[in-house]
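K.L.:
give the three-dimensional model of this entry:
(one chain, ligands or ions: 1)
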Amino acid sequence: MLHAEGPLLTLNLTDRTATRTPIDDILERYVGGRGVATALAHDRIPFDADPLGPENRAYLAAGPLQLSTTSFTGRMSMTALSPLTDGLASTNAGGYLSREFAGAGISTLEITGASDELLIAHVTDEGVEFEPVPHLAEATVPEVSEHVAETRGLGPENCITIGPAGENLVRFACVMTYDSRAFGRGGLGAVLGSKNLKAVTFDGDAHPEIEIPDPPAMDVHREAATSDDRMKRQGTTGGTEFINENFSLPTRYFDEYHFESAASIGGDAVEEKKYKKEACSQCAYACKLPTRDEESGIETEGPEFETVYAFGSCQGIGDIVDVMKANELCDTLGMDTISAGVTVAAYLKSEDAFGDAELAREVTERIAYRAEGDELADLLAGGVHRAHEDLGVDDYTVKGMEFAAHDGRVLHGQGLSYAVANRGADHMYGGMLSPEYAGEIDPEGTLGKSSLLVRKENRNAIRDSAIVCAFASDYVTDDRLATLLGRSYDELLEIGAETIARERHFNNRRGKDRGDDELPYEIPDVNEAIQEYYDERGLREDGTIPSDRIDPVATDLGDGDGSGDAAPADD
Ligand code: SF4
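P.N.:
Numbering: from 1, shown residues only. Now for the predicted structure:
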């Protein structure tokens, strides 16, 4: 049975200690990535913690496949109590971090406490060093990378970093790696900001030995290399026009479902600006999108489809260069493009200013810096849920998280998925959009879809634990995933279900219940469908899970402050 290898490294920023603790049983049970991080977060973050307080804990975790040379595995997962949703949130990023992280000889990083000055933590296989960096206050993500390159000789692939938005506690600030890849959703950048942690670097040669089954590992790699999918040329933007034709591209802050200028910001427009190939570590699929516009001089990576929606159709903006500029701004300042774009779209609606790209950029920048006395920036930094009343617009969020594209008013199974997802209105959690777009199931209606939704949620939880890229499902099939991990597929689904159950239980203990599984719009039979979902999951009618179904696995690990059972890492 394959699982991540190596101890948990806890950084306590209050007293600047680093503690390595063996967690072999947890790794064996939950594989790695999101599964392990969720188990730890559930047991170690107090149920009444303030998301922006020192008692919150952030987890960065690898899975076993990060030790392979197979395509689709250049990914890492982060988990914490989210300042945006006030529940547990896991988020996933690509890039080149995973191999550097493994080189430091750990499976999971835990960050707790809070420093009294801005720090970078440098993690190697030999120990941890805390570097005070007050001069990097409000530095952009590339400026931090520059500092790390100059002082340590490391690249952006060695780092996780926050920008000004994280430091200024914007509730949708993200954590960046490789300068352009985002642990995007849920505001985990603000969690690091609340701890005064500007960056963490990883370096070392302690990669654990692990044997990856071949086949299928090399088959996956070969197929990724030889595939001629459109996505390899256009990334996720390749579907923009198809989605628009399906009337599921939210436009002008959800006033419409179809954008007349979709072709100007879709796959062909992005491909025209693409100037080279780019990938994540080891990935022969190489779907990333370095783009450049010679006339304006703007250079960025992306935009991906969700940014095309959030800073394009949702704001009524139909020029790809404007979307590229917004994408670069968010990467540089460290903000989730979906939540930032939708929040700015809500503002544009309140000002009757759809299509004003310059205003959109100005407001985006103001949100990240939250200058003293800038009341608008403070208002929007909380996201749509906290700002909508003052703006006089509808609250297009679930559990406080702004919607991804793929309109649930048209794709009803996806709408159901948005309603019940523990993370909020995110498309990667359940992913009912794929069978609905493909015509495998009728997009119309919600009844009878819960059993597929549960299966997909469980599958995605395992995918995020292994960790495999979300775009790999045609290559890392269910059977292959089971072979790679050395467990039956049903067993894997069961582990995924346990992860989802822990998320829900944590959120229940913070007071979330049926009232939080609500959409801001009507779709057919949604109440009955939610009850079907609860029945599938064995939840009570009020959306809660009985506590006796959750057994603690990480309550005896010590506090990560050098006490308890843990052994100090650095003497
Ligand atoms: S498919 Fe694309 S996003 Fe996924 S790992 Fe490969 S290059 Fe990265």
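
K.L.:
sketch out the low-pLDDT regions of the stretch 101-250 of the chain for me.
P.N.:
Within the stretch 101-250 of the chain, no stretch falls below the threshold (pLDDT under 70).

K.L.:
which residues in it form helices?
P.N.:
141-152, 164-167, 188-194, 217-226, 231-234, 240-245 (DSSP state H, counting those that start in this stretch).

K.L.:
up against the ligand, what does the stretch 51-200 of the chain have?
P.N.:
72, 74, 94 (CB under 6 Å from any ligand atom). C-betas here are computed from N, CA, C, even on glycine.

K.L.:
count of neighbours near the last one?
P.N.:
What that stands for is residue 94. The tally of other residues near residue 94 (other CB atoms under 10 Å) stands at 26.

K.L.:
surely it touches residue 75?
P.N.:
Yes. Between residue 94 and residue 75 there is a contact under CB atoms under 8 Å: 5.4 Å.

K.L.:
re the thing from before, so which of the residues of the stretch 51-200 of the chain next to the ligand sit within helices?
P.N.:
With helices defined by DSSP state H, no entry of these lies inside them.

K.L.:
quickly find the element holding the residue nearest to residue 537 when sequence neighbours are not counted.
P.N.:
For residue 537, ignoring the flanking residues on the chain, the nearest one in space by CB to CB, 6 or more residues apart in numbering is residue 454 at 6.2 Å. Using DSSP states H and E, residue 454 sits within helix 450-466.

K.L.:
what about that helix, distance to the chain center?
P.N.:
Chain-centre distance of helix 450-466: 16 Å, with CA atoms, centre = their mean, to the nearest Å.

K.L.:
quick one: mean pLDDT over it.
P.N.:
What helix 450-466 shows for mean pLDDT is 98.

K.L.:
can you list the buried residues in that helix?
P.N.:
450, 452-466 (16 or more other CB atoms under 10 Å).

K.L.:
return the member of these nearest to residue 327.
P.N.:
Nearest to residue 327, judged by CB to CB, of the buried residues of helix 450-466 is residue 464 at 23.7 Å.

K.L.:
need the residues of this structure near the ligand, please.
P.N.:
Counting by CB under 6 Å from any ligand atom, the chain sits next to the ligand at 72, 74, 94, 279-280, 283, 285-288, 469, 471.

K.L.:
now that we have those, which one has the most neighbours?
P.N.:
In those, the most neighbours by other CB under 10 Å go to residue 72, 28 neighbours.

K.L.:
now for that one: which residues touch it?
P.N.:
220, 224, 283, 285, 468-469, 471-472, 475-476 (CB atoms under 8 Å, 6 or more residues apart in numbering).

K.L.:
surely residue 436 meets residue 411?
P.N.:
Yes. Between residue 436 and residue 411 there is a contact under CB under 8 Å: 4.5 Å.

K.L.:
find residues that contact each of those two.
P.N.:
residue 443.

K.L.:
looking at these two, which one has more neighbours?
P.N.:
When neighbours are counted by other CB under 10 Å, residue 436 and residue 411 differ, and residue 411 comes out ahead with 27 against 24.

K.L.:
check contacts around that one.
P.N.:
With CB under 8 Å, 6+ apart, residue 411 has these contacts: 246, 248, 432-433, 436-437, 443.

K.L.:
looking at these, spot the one nearest residue 308.
P.N.:
Distances from residue 308 to those, taken by CB to CB, are shortest for residue 248, at 13.5 Å.

K.L.:
how close does the closest one sit to the ligand?
P.N.:
In this view, residue 248 and the ligand are 22 Å apart by CB to the nearest ligand atom, to the nearest Å.
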